[in-house]
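Undergrad: Here is my input, please return the structure:
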Amino acid sequence: MAYFTTVLAHFFGILALILLLVWILHFRGEIDLDNNEASHIFNVHPFLMYFGFVFFAGEAIMAYKTFNVEHKVQKFAHMSLHVIAIVLGIVGIYAAFKYHHKQGITNMYSLHSWLGLATFILYGLQWLFGFVNFWIRGTYDSTRRSYLPLHMTFGRILLFMAICTAETGLIQVSAMLGLQIGTESRLVNFTGLAILLFGIAVELSVSYALAIRL
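TA: Below you'll find the predicted structure:
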């Protein structure tokens with residue numbers, strides 16, 4: 001089941017990426033941060049916040065618990081994938097602010113933006129505390145043992161916070177564009193469903209992997 005759910009997580013993760021790209025490229029135009037067209041700048045945001053942040057965050061969690069390799073390799077992969085998620089997430093957030101500035105839209109006005117910024121800040125702190133405790137070993141063994149369950153639990157919570165942010169973002173864009181019932185709105189809905197199923201599959205894969213080790 002651990003293997004099956006890991007495969008399932010990758011299936012839903014890649015499916016969500018494909019659906020997102022089809023929606024953006026077919027219905028919304030290009031993905032270009034330096035374009036003069038505001039909508040093309042905005043398209044960078046949903047793409048990077050899912051593929052660059054949510055997807056790599058899920059991959060980082062699975063890399064540490066579901067891949068049967070040397071522990072140091074697991075730790076390095078786990079840390080590196082989180083770094084990629086943070087860097088691409090910064091670019092994705094910048095794209096949203098750049099779009100707002102270009103369109104004269106107020107920043108941080110919606111539930112989506114509040115959830116997104118809170119998730120990103122907490123994600124950065126989670127990575128920093130994890131780096132200090134488990135990579136450079138800047139704390140006592142007893143402190144690391146006490147912090148480990150919190151680190152693991154909070155990491156999984158942050159993944160679902162990121163997914164909630166993505167779902168509210170899709171709802172917000174749908175409302176902003178005034179999407180009616182049709183092919184585009186259904187594509188957005190299926191994209192949101194695939195993102196949710198990716199998160200559930202990641203959680204199941206990690207849960208089964210932990211059960212095997214007990």
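
Undergrad: Low-confidence ranges, this structure, go.
TA: For the chain, applying pLDDT under 70 flags the ranges 138-139, 212-214.

Undergrad: If we ignore the residues flanking it in sequence, what's nearest the spatially most central residue of it?
TA: In the chain, the residue lying closest to the centroid (CA atoms, centre = their mean) is residue 54, at 1.1 Å. Distance criterion CB to CB, 6 or more residues apart in numbering; nearest residue to residue 54, sequence neighbours excluded, is residue 162 at 4.9 Å. Quick note: C-beta positions are derived from backbone N, CA and C, even for glycine.

Undergrad: Residue 119 too?
TA: Per CB to CB, 6+ apart, closest to residue 119 is residue 161, 4.4 Å.

Undergrad: from memory residue 198 sits against residue 59, does it?
TA: No. Using CB atoms under 8 Å, residue 198 makes no contact with residue 59, being 10.2 Å away.

Undergrad: More neighbours: which of the two?
TA: Neighbour tally, residue 198 and residue 59, criterion other CB atoms under 10 Å: the higher count belongs to residue 198, 27 against 20.

Undergrad: Which residues are in contact with the more buried one?
TA: 9, 12-13, 15-16, 54-55, 58, 163 (CB atoms under 8 Å, 6 or more residues apart in numbering).

Undergrad: and the helix or strand the residue nearest to residue 54 falls within, which residues are buried?
TA: If you go by DSSP states H and E, residue 162 is part of helix 141-177. Of the residues in helix 141-177, 147, 152, 154-156, 158-171, 173-174 count as buried by neighbour count, 16 or more other CB atoms under 10 Å.

Undergrad: List the residues that contact residue 164.
TA: residue 115.

Undergrad: From residue 178, how far out is it?
TA: Residue 164 sits 23 Å away from residue 178, going by CB to CB, to the nearest Å.

Undergrad: can you check residue 186 too?
TA: For residue 186, the distance to residue 178 equals 15 Å [CB to CB].

Undergrad: Compare the two (neighbour count), which wins?
TA: Taking other CB under 10 Å, residue 186 and residue 178 do not tie; residue 186 has more neighbours (11 against 6).
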